[in-house]
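Asks: Sequence plus predicted model, see below.
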Amino acid sequence: LRSQLYTAQAAGGKFIREECIRVKDIIFEDEDGTMRRGDWSKAARVGYCSSGVDKGSAGGDARFLSRLADDSPCLAMCPVRMMAKLFDDMEYTGREDTPIFAWNAESKKAGQGLRYVDVNHLVRAAAKGCGRDTNKFSSHSLRKGGASAMYAACGNYQAVKLFGRWKSDCVYLYIEGVCS
């Protein structure tokens, strides 16, 4: 994802509503493509529809990630399970216009959006916790890591390019090391 989709770009930790991912932009689907509301953890796929456009309507740009198998060694990274947990923890039901990535009610920043500097701080704290050089990590690491993980999972360069909205072949720079 590009940072404008998950960070508050306006002053004071405010989201630009037309650009951020909101509750109504997230779609949980069953195997047969039926949309699921509630009990999200059992969904087969999770996706988002940019600009809040309903899936299937003109201009809809839905992008989906599939549930990982229960015996996957990467189960903790399953996008369906992670988004379902976020929805359960944040109690989004009935708040369709709420941005997904905002500080929770217990935070000192409750109601504000996750800012670009917050994401950088969190990424660098995680890098430090893993014994890595924090100067080599930022929010952009999430884009590279996401592209690499998606390529490793599906092996489909075109799918990664489409999902990441790359128009050029620079996507290879993001997945280098995974391809070799």
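Replies: All right, it came through fine.
Asks: For the rest of this, base every contact and every neighbour count on C-alpha atoms.
Replies: Noted.
Asks: beta partners for the residue nearest to residue 63 when sequence neighbours are not counted?
Replies: What sits nearest to residue 63 in space, not counting adjacent residues and going by Cα to Cα, 6 or more residues apart in numbering, is residue 47, at 5.1 Å. Applying DSSP bridges to residue 47 gives these bridge partners: residue 27, residue 64.
Asks: Do I have it right that residue 47 meets residue 26?
Replies: Yes - under the criterion of Cα atoms under 8 Å, residue 47 makes contact with residue 26 at 5.8 Å.
Asks: Next, the buried residues of stretch 10-23.
Replies: 13, 14, 15, 16, 17, 19, 20, 21, 22, 23 (16 or more other Cα atoms under 10 Å).
Asks: coming back round to it: contacting residues for the residue nearest to residue 63?
Replies: 26, 27, 28, 62, 63, 64, 65 (Cα atoms under 8 Å, 6 or more residues apart in numbering).
Asks: So which of those wins on neighbours?
Replies: Sorting the contacts of residue 47 by how many neighbours each has (other Cα atoms under 10 Å) puts residue 28 first, at 26 neighbours.
Asks: That residue and residue 42 touch, don't they?
Replies: No - Residue 28 is beyond contact range of residue 42, at 9.1 Å (criterion: Cα under 8 Å).
Asks: so which helix or strand takes in residue 146?
Replies: helix 140-154 (DSSP states H and E).
Asks: Who are the packing partners of that helix?
Replies: helix 157-163, helix 171-175 (3 or more Cα pairs under 8 Å, 6 or more residues apart in numbering; DSSP states H and E).
Asks: In CSV, list those along with mean pLDDT and mean neighbour count.
Replies: Converted to CSV, the helices and strands packed on helix 140-154 look like this (pLDDT from 0 to 100; neighbours: other Cα atoms under 10 Å):
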stretch, mean pLDDT, mean neighbour count
helix 157-163, 82, 16
helix 171-175, 84, 17
